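Trainee: can't give you the sequence, but here's the structure:
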């Protein structure tokens, strides 16, 4: 029988430090959508544990990613989370100034820096890749490109025209007192839906299916049920008002699908909108949930109403999940619990845990070792 990671991996500080190095500094992370960078000088600042990256659109329209640190005395270059810096990135500490391609252009009192070669002291680039309109960065490590990771689902995801979408609202961030893996475990399985999310159960019924693919990629979801007798007003009206987008085949125009990529990224894909849902660790027992929704512009009244109802339904699902993950975090500290069992309905969780075991072999042992 398949089993989970041992409980100690969810509250061990040395294991968390190993995750920082072996997982989060070597995997692709979603920063934003191209629509968040509309003009030259548009930027988004992304923080992952003790590392910060700034993604910026250059005058050439190319999008670059750099470590958010000045080469002079390590000051953070960009302070705001998102905005427009104009034609340059200027250090707020001493005024060192870089162009939008990362080249050092101006140093106050340059004559005092004997032998300074500005061409050799540009901003330090970060690996970047664009896929389906989304901007990904990787701080280090080797492995498949984002397009290779998502290859099994690219043809289907391309149907949604995500590269043409625009934000529906601002970014949502919520901090929880749980280990990041608890949040991921919950997000990628539907075994808990009949008990924990009665509304979602009414939406899917027996239509929910799941599959796993290489490189930590997986999918869940399916067509919605008719549900005309649902006791929830939001569910009844969503089904009634949701238009069938002409660019989607029938099963997609009437279905909710969830895609996950290792370590902690998910796309919630609906006929009316999509959103990314990113689970980022802050410490061994604190996690931030980051998300933002996007949709095609020019929607009519019925589509706008469906989006409102979608958000209303999923707001309740999110509140239900908070209680669930906090309960799990508490239980992981119990002396009565060492590791759990997994059913075939939880194979996405098993895949996630196997990816962690592959990167940190200590996760295979029952008790926390002296050295990880």
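Mentor: Nice, thanks for sending it over. Please read these numbers as outputs of a predicted model, since none were measured by experiment.

Trainee: hey, where'd the strands end up in the stretch 251-372 of the chain?
Mentor: With DSSP state E, counting those that start in this stretch as the criterion, the stretch 251-372 of the chain has strands at 255-261, 265-269, 274-283, 286-295.

Trainee: ok, now the stretch 1-150 of the chain?
Mentor: Using DSSP E, counting those that start in this stretch, strands in the stretch 1-150 of the chain cover 29-33, 42-48, 51-57, 63-67, 82-84, 88-90, 97-99, 104-106, 127-131, 134-138.

Trainee: what packs against the fifth one?
Mentor: Based on contacts counted as 3 or more C-beta pairs under 8 Å, 6 or more residues apart in numbering; DSSP states H and E, the elements that strand 82-84 packs against are strand 42-48. C-beta here means a position set from N, CA and C on the backbone, and glycine is covered the same way.

Trainee: what's the angle from the strand it packs on to strand 29-33?
Mentor: Here the directions of strand 42-48 and strand 29-33 differ by 160 degrees (axes from the mean of the first three to the mean of the last three C-alpha atoms, to 10 degrees).

Trainee: what comes up buried for strand 42-48?
Mentor: Under the neighbour-count criterion of 16 or more other C-beta atoms under 10 Å, strand 42-48 has 42-46, 48 buried.

Trainee: nearest to residue 234, of these?
Mentor: residue 44 (32.0 Å; C-beta to C-beta).

Trainee: hey, what's the closest one bridged with?
Mentor: residue 55, residue 82 (DSSP bridges).

Trainee: surely residue 332 is in contact with residue 185?
Mentor: No - at 10.4 Å, residue 332 and residue 185 do not qualify as touching, with contact defined as C-beta atoms under 8 Å.

Trainee: so which of the two has more stuff around it?
Mentor: Between residue 332 and residue 185, residue 185 has the larger neighbour count (other C-beta atoms under 10 Å), namely 24 against 21.

Trainee: am I right that the more buried one is in a helix?
Mentor: Yes - assessed with DSSP: H, G, I helix; E, B strand; the rest coil, residue 185 lies in a helix.

Trainee: now do the contacts for it.
Mentor: Neighbour list for residue 185: 4, 328, 349, 352 [criterion: C-beta atoms under 8 Å, 6 or more residues apart in numbering].

Trainee: residue 249 too?
Mentor: By C-beta under 8 Å, 6+ apart, the contact set of residue 249 is residue 159.

Trainee: at 10 Å instead, please
Mentor: By C-beta atoms under 10 Å, 6 or more residues apart in numbering, residue 249 lies in contact with 156, 159, 255.

Trainee: of the strands of the stretch 1-150 of the chain, which approaches residue 152 most closely?
Mentor: Using C-beta to C-beta, the nearest of these to residue 152 is strand 127-131, at 13.4 Å.

Trainee: packing partners for the closest one?
Mentor: Applying 3 or more C-beta pairs under 10 Å, 6 or more residues apart in numbering; DSSP states H and E, we find strand 127-131 packed against strand 29-33, strand 63-67, strand 134-138, helix 146-149.

Trainee: one more time with 7 Å, if that's ok
Mentor: Helices and strands touching strand 127-131, by 3 or more C-beta pairs under 7 Å, 6 or more residues apart in numbering; DSSP states H and E, are strand 63-67, strand 134-138, helix 146-149.

Trainee: low pLDDT regions in the protein?
Mentor: For the chain, the stretches with pLDDT under 70 are 228.

Trainee: state the distance from the nearest residue in space to residue 144 that is not next to it in sequence to residue 83.
Mentor: Distance criterion C-beta to C-beta, 6 or more residues apart in numbering; nearest residue to residue 144, sequence neighbours excluded, is residue 215 at 5.6 Å. Using C-beta to C-beta, to the nearest Å, residue 215 is found at 34 Å from residue 83.
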